[in-house]
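>>> The sequence and its predicted three-dimensional model are supplied below.
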Amino acid sequence: MNSVDIYGVTDTISSDSQYQNALKTAFNAFKEAMEIFNDPKFESKEDWKKEAQSEGATVHSKYFDYGKSYGELQVRWDDMFREDWEDVNHISDWNNNIAFAKIVHQITPNFDIVNYANNDVMVVKGRDFVVARLKRTVNGSGYIVAKSIDLPELPEIQNFVRGWIHLGAGRFAPHPTKPNVTIIDYIMCIDLKGYIPKMLVNTVMAKLVLKDYEQNKLHFEKKGVKK
């Protein structure tokens, strides 16, 4: 697959590109994420279990291993959406959840390949991930969807366990009543690989997501994006 058309935007790469499978993976992941975002039960949280909560954010999980988090940040949705897509290489400068992050290949304006790693959490060793990402703006909200791929040029890294993201998605939407406030919804379905006691998996994931929310909140406050 060297071309995808979704929500009125087409991404095309050369017919002999080595990233055709990555594009197909990202495209299918995007469709899967939108089905979840558009499910009424996603909005109502019906059938979702609350795993953790902090000021401004909650984390829910569901039996099919999709984790959902919800939060609000005092920042314009398009500013956060743009930074989340473009500023990957600098995330570790301000988010101490992240050991490193880099855009490996910017293939089209809406499709790229990213390698990033999180630091150790509790007793769980840091994981690194290689993902294909696709973005779109749909009905006034921004969406970024990612899924793991195998890329021979990026073998496993020393001191990290290579994890696998079955589905990672973020929705950045303007708050309906609060000016310059973004509602953020994340969906994460991750196989952390390696040995982790089952009872710790949801706890670790919830801690990661809440800490990430808190780091984003501090980052945008310090940047003065708050309006």
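That came through fine. Given the structure is predicted, the values throughout are model-derived calculations rather than measurements.

>>> For the strand or helix carrying D79, give me every contacting residue.
Taking DSSP states H and E as the definition, one finds D79 inside helix 77-86. Residues outside helix 77-86 that contact it (C-beta atoms under 8 Å, 6 or more residues apart in numbering): 73, 133, 135, 137, 141-142, 144, 170, 172-174, 182-184, 216, 220, 225. Backbone N, C-alpha and C define where each C-beta goes, glycine included.

>>> Helices of this protein, residue ranges please.
Counting by DSSP state H, residue ranges of the helices within the chain are 20-37, 40-44, 77-86, 91-94, 198-223.

>>> Make TSV out of those helices and add mean neighbour count and distance to I190.
Shown next, in TSV, are those (neighbours: other C-beta atoms under 10 Å; distance: least, C-beta to C-beta, whole Å):
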stretch	mean neighbour count	distance to I190
helix 20-37	19	13
helix 40-44	12	18
helix 77-86	18	18
helix 91-94	16	17
helix 198-223	17	7
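
>>> and the ones you listed, which one's lowest on average pLDDT?
Lowest mean pLDDT within these: helix 40-44, a mean of 67.

>>> Isn't G168 up against V131?
Yes. With contacts counted by C-beta atoms under 8 Å, G168 reaches V131, the gap being 6.8 Å.

>>> Return every residue with contacts to both of the two.
With C-beta under 8 Å, 6+ apart, G168 and V131 have common neighbours 146-147.

>>> ok, residues contacting stretch 161-168?
So stretch 161-168 is contacted by 29, 32-33, 65-66, 125-131, 145-148, 156, 186-194 (C-beta under 8 Å, 6+ apart).

>>> Which ones among these map onto strands?
Counting by DSSP state E, the contacts of stretch 161-168 place 127-131, 145-148, 186-191 in strands.

>>> Around the nearest residue to I187 once chain neighbours are set aside, count how many other residues there are.
Closest residue in space to I187, ignoring its immediate chain neighbours: A169 at 4.4 Å, by C-beta to C-beta, 6 or more residues apart in numbering. Using other C-beta atoms under 10 Å, A169 is surrounded by 26 other residues.

>>> I figured A169 was touching K147, is that so?
No. Between A169 and K147 there is no contact under C-beta under 8 Å: 9.2 Å.

>>> Name all residues that make contact with E32.
L167.

>>> What of K135?
Counting by C-beta under 8 Å, 6+ apart, K135 has contacts 81, 85, 110-111, 142-145.

>>> Out of the residues you listed, which is nearest to G8?
Checking those against G8 by C-beta to C-beta gives N110 as the nearest, at 11.7 Å.

>>> who touches the closest one in this structure?
Applying C-beta under 8 Å, 6+ apart, the residues near N110 are 9, 11, 134-136.

>>> before we move on, back to that, overlap in contacts, A169 and K147.
Taking C-beta under 8 Å, 6+ apart as the contact rule, A169 and K147 both touch A29.

>>> Return the distance of I113 relative to S17.
I113 sits at a distance of 12 Å from S17 (criterion: C-beta to C-beta, to the nearest Å).
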